[in-house]
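Enquirer: Here is my input; please provide its structure:
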Amino acid sequence: MEIVTDLQHLPDSVRGGAVTIGNFDGVHLGHARIIQHLTETAREMGGAAVVFTFDPHPVRLLRPAEAPPPLTWTDRKAELLGELGVDVLIAYPTNEALLQLEPEAFFEQIVRNCLGARAMVEGTNFFFGHNRAGTVQRLRELTTSAGIKLEVVEPVDIGGQPVSSSRVRQLLAGGNVDLARSMLTRPYRVRGMVTHGAGRGAKIGFPTANLEAIDTLLPGDGVYAGMGHNDGRWPAAINVGANPTFGETTRKVEVHLIGCDETLYGKPLELDFFSRIRDIQPFADVHDLQLQLASDVEQVKCVVGAVQS
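Expert: Model prediction:
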C-alpha cells in the first residue's frame with residue numbers, strides 16, 4: 001500500500017487505473033464491497049486500484065462545530081484498505097480551493113487530469129464538488145462523455161438498514177461495539193499514549209495503563225473486552241468512563257493488559273474493542289472491586305478466545 005499526499009508528483013503507476021473517491025471512514029462492509037469491485041476492475045484493465053480520500057474530512061473545514069469524530073486515522077485507513085487489495089491511497093490535504101470546485105471542474109482536474117482514471121467505482125450515495133452538488137447521475141454523464149467506465153455499487157444492508165460510517169459511529173457512541181464490529185472489516189480500534197495514573201490498579205493486583213491523546217471516537221462508557229497492541233499483543237480489559245469507587249468523575253480510558261509485564265509509560269498503544277461486558281459501577285470496598293476485576297479478566301479471556309478462534 002502506497003500513501004500519496006501530493007498530486008503534483010504522482011507516480012506514473014497511479015495514473016490510468018480504477019479510482020474511487022470518498023472518506024472511507026472506519027472502512028466498513030459497504031466500503032469493502034466498493035473496494036472489491038474497484039480491485040476487480042483494476043486487475044481487468046491492468047491498472048492500479050486507487051482510493052482518493054480527504055484529510056481532514058471536508059466538514060472539519062466547512063462546519064467545524066458539526067464535524068463528527070473520525071473512526072480511523074490515515075495510516076490505519078491505509079492498512080485496512082491495503083488488506084482489501086487497494087494499491088494506492090491518496091490522502092489529499094483538504095483545502096478551500098478544492099472545496100470550491102464545481103462538480104465539473106473537480107472531475108476534470110482530479111479525475112481526468114491528475115489521476116487519468118480509466119474507470120470509477122462509487123456507492124449510490126456519492127456526492128462531489130462544491131456544496132456536494134455533483135450526484136451519481138451527473139458523474140455518469142461526465143464519465144460517459146469522457147469514455148471512463150463507471151460502476152455504481154449498492155450498499156450493504158444489516159438489520160434492514162444500510163451500513164454507513166454514521167451508523168457505526170452511533171453504535172460505538174452507545175457502547176454497542178459488538179454490532180459495530182459486525183459492520184466493520186476489522187474490530188474498532190483507537191490509539192493513544194500511555195500515561196501515569198493514580199497507581200491504584202497495581203496495588204490491588206490489576207495494573208492498568210491510562211490512555212490519553214485519543215484522536216478518534218471513543219466508545220460509550222463501559223467495561224470492554226479487547227486486544228492491546230504495542231510491540232506485542234495482549235488481551236485487554238478496557239474501562240471507559242469515570243471511576244466512581246474512588247469518587248472520580250473525569251472520563252478516562254484505563255486498560256489492564258492481561259499477561260503484560262512491560263513498562264509502557266510514554267509509549268503508543270492501540271486498542272481493539274471486541275465486546276462490551278458490563279456497565280461502569282461503584283463498589284462498596286476494594287475487596288468487592290478485586291472480585292469483579294478478576295471476573296472481568298476471565299470474561300475478557302473467553303471473549304478474546306472466541307473472537308480469535
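
Enquirer: any idea how far Thr135 is from Arg167?
Expert: In this view, Arg167 and Thr135 are 22 Å apart by Cβ to Cβ, to the nearest Å. C-beta coordinates here come from the backbone N, C-alpha and C atoms, glycine included.

Enquirer: Between those two, point out the one with more neighbours.
Expert: Arg167 (19 against 15; other Cβ atoms under 10 Å).

Enquirer: what sits opposite the residue lying closest to that one once chain neighbours are set aside in the beta ladder?
Expert: Nearest residue to Arg167 in three dimensions, chain neighbours excluded: Gln161, at 6.7 Å (Cβ to Cβ, 6 or more residues apart in numbering). For Gln161, the beta-bridge partners are Ile158 (DSSP bridges).

Enquirer: same deal with Leu184?
Expert: Per DSSP bridges, the residues bridged to Leu184 are His28.

Enquirer: From what I see, it and Gly30 are in contact.
Expert: No: look at Leu184 against Gly30 with Cβ atoms under 8 Å: they stay out of range, at 10.3 Å.

Enquirer: I figured the residue nearest to Arg167 was touching Gln170, is that so?
Expert: No: applying Cβ under 8 Å as the test, Gln161 and Gln170 come out as separate, 10.9 Å apart.

Enquirer: These two: which has the busier surroundings?
Expert: Remark: of Gln161 and Gln170, Gln170 carries more neighbours, 13 against 9, as counted by other Cβ under 10 Å.

Enquirer: Model confidence score at that one, please.
Expert: We have a pLDDT of 97 for Gln170.

Enquirer: Please name every helix or strand in contact with the host helix or strand of it.
Expert: Assigning secondary structure by DSSP states H and E places Gln170 in helix 165-173. Helix 165-173 sits against helix 177-183, with contacts defined as 3 or more Cβ pairs under 8 Å, 6 or more residues apart in numbering; DSSP states H and E.

Enquirer: For the helix it packs on, name the packing helices and strands.
Expert: Using 3+ Cβ pairs under 8 Å, 6+ apart, the elements in contact with helix 177-183 are helix 165-173, strand 188-195, strand 268-278.

Enquirer: Report the buried residues of the first one.
Expert: This points to helix 165-173. Ser165, Arg167, Val168, Arg169, Leu171, Leu172 (16 or more other Cβ atoms under 10 Å).

Enquirer: Walk me through the domains of this structure.
Expert: Listed domain ranges for the chain are 2-157, 187-308 (source: automatic domain parsing).

Enquirer: and the shortest one, what's its mean pLDDT?
Expert: Put plainly, it is domain 187-308. For domain 187-308, the mean per-residue pLDDT is 92.

Enquirer: roughly how far is that domain from the heart of the chain?
Expert: In terms of Cα atoms, centre = their mean, to the nearest Å, the gap separating the centre of domain 187-308 from the centre of its chain is 20 Å.

Enquirer: where does Tyr224 land in three-state SS?
Expert: The local conformation at Tyr224, judged by DSSP: H, G, I helix; E, B strand; the rest coil, is strand.

Enquirer: burial count for it?
Expert: 28.

Enquirer: which strand residues sit across from it in the sheet?
Expert: Ile238, Arg276.

Enquirer: hang on, it packs against Val177?
Expert: Yes: contact criterion Cβ under 8 Å: Tyr224 and Val177 qualify, at 6.3 Å.

Enquirer: Find the residues that touch each one of these two.
Expert: Common contacts of Tyr224 and Val177 (Cβ atoms under 8 Å, 6 or more residues apart in numbering): Phe273, Phe274, Ser275, Arg276.

Enquirer: mind listing the helices for this structure?
Expert: Under the criterion DSSP state H, the chain contains helices at 29-45, 58-62, 74-83, 96-99, 103-106, 136-146, 165-173, 177-183, 200-203, 286-308.
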